[in-house]
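Colleague: Coordinates only, no sequence provided:
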């Protein structure tokens, strides 16, 4: 579980193929059109933050290796080629 993975509801999860050159990557898409890529190896070591909730407001959650907010609508699906390279 990734606490605060997105600010709004997640509509789609997509695991890239295991033979992907990116490694163990999970893609998530939400109601606001944000797409995030997660390195699942980094997510496993996430610790709870009991400090000020505004400390990391603009920082993506641990394990998020890339994010885009270029869509004007919610995310409903992902696709990749057979080897996960694109």
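Modeller: That came through fine. None of these values were measured; they are calculated from a predicted model.

Colleague: Ignoring the adjacent residues along the chain, who's closest to the most centrally placed residue in the chain?
Modeller: For the chain, the residue sitting closest to the mean C-alpha position, by C-alpha atoms, centre = their mean, is residue 36 at 3.3 Å. For residue 36, ignoring the flanking residues on the chain, the nearest one in space by C-beta to C-beta, 6 or more residues apart in numbering is residue 67 at 4.5 Å. Just so you know, the C-beta spots here come from the backbone N, C-alpha and C atoms, and that holds for glycine as well.

Colleague: For the one you found, identify the helix or strand it belongs to.
Modeller: Residue 67 belongs to strand 64-68 when assigned by DSSP states H and E.

Colleague: what's in contact with that strand?
Modeller: Outside strand 64-68, the residues within contact range by C-beta atoms under 8 Å, 6 or more residues apart in numbering are 5, 25, 34, 35, 36, 37, 38, 39, 42, 60.

Colleague: That one pairs with which strands, and in what direction?
Modeller: Note on strand 64-68: by DSSP bridges, its sheet partners are strand 35-39 (antiparallel).
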